[in-house]
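Undergrad: Provided below for reference: sequence and predicted model.
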Amino acid sequence: MLNHYFGQKFWAVFILAFFLASPAHSARIKDLSAIKGVRSNQLIGLGLVIGLTGTGDSATNVFFSIQTIVSMLKKMGVTVPTAEVDQLKFKNIATVIVTASLPAFASQGDLIDVTVSSLGDSKSLQGGTLLMTPLKGPDSNTYAVAQGPLPIGGFSVAGGARGIQKNHLTVGRIVNGAMVERELKYNFNAKDEIILALKKTDFTTASRISKAINDEMI
């Protein structure tokens, strides 16, 4: 009788633990997979950061900095004589590489974040402003244009005996710093099929997704 009692108690605890450990839950298909061919695209551009307090590129070590400045001035209608190019010195300007990720289905006018990294020997980009920089894709087409004040998320303090620095001073990020100018076209109406690619390959998950779709569509 006692064994029977403990046996019933054991099965009751086992059944309760089973239901507690196996809660019924469901996952959305878009959380488990993505449409094949729909992805973000990397963008890159060469730009200038101005307004630095003497921490920009040195003209003696970074020759392409002067070339970039001269090219920018030429586009704005200012012609620099060839004989005087080597005499130009701008300690408040730094050449930078601007990178961004263009999301899928981004439309003209949407804003995206950009990362700005020093290309030359600039000591700090703190307090600088990024000038208008076209961002291009692998096909050399311009998809966005970046511009704006550049926060770097760090600081540097120098003293007579020692100094202190936090985070990198030559890399910054501008939130919503670029505007999308060109869209990527996705014509789903012309497709005969749409392929779902699992984010984590698993035959069981693929079978369950297939069953869920068939049950809903058939």
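TA: Here it is on my side, so go on. Computed from a predicted model, the values in this text were never measured in an experiment.

Undergrad: which residues touch Asn92?
TA: Asn92 makes contact with Ile50, Gly51, Leu52, Thr53, Gly54, Gly56, according to C-beta atoms under 8 Å, 6 or more residues apart in numbering. To be clear about C-beta, it is placed using only N, CA and C from the backbone, and glycine gets the same treatment.

Undergrad: among those, which one has the most neighbours?
TA: In terms of neighbour count, Gly56 stands highest of those at 28 neighbours, by other C-beta atoms under 10 Å.

Undergrad: tell me the contacts of that one?
TA: Gly56 neighbours (C-beta under 8 Å, 6+ apart): Val49, Ser65, Phe90, Lys91, Asn92, Ile93, Ala94, Gly120, Ser122.

Undergrad: where does Gly47 fall, helix, sheet strand or coil?
TA: Assigned by DSSP: H, G, I helix; E, B strand; the rest coil, the conformation of Gly47 is strand.

Undergrad: and the nearest residue to it once chain neighbours are set aside, what helix or strand is that in?
TA: Of all residues not flanking Gly47 in the chain, Thr133 sits nearest, at 3.3 Å (C-beta to C-beta, 6 or more residues apart in numbering). In this structure, Thr133 sits in strand 129-136 according to DSSP states H and E.

Undergrad: for the very next helix or strand once past that strand, buried residues please.
TA: Counting by DSSP H and E, the next helix or strand C-terminal to strand 129-136 is strand 142-149. Residues Tyr143, Ala144, Val145, Ala146, Gln147, Gly148 are the ones in strand 142-149 that count as buried (16 or more other C-beta atoms under 10 Å).

Undergrad: other SSEs contacting strand 142-149?
TA: In terms of contacts (3 or more C-beta pairs under 8 Å, 6 or more residues apart in numbering; DSSP states H and E), strand 142-149 is packed against strand 41-50, strand 94-102, strand 129-136, strand 171-180.

Undergrad: so for Ala197, which of the ones you listed sits nearest?
TA: strand 41-50 (16.8 Å; C-beta to C-beta).
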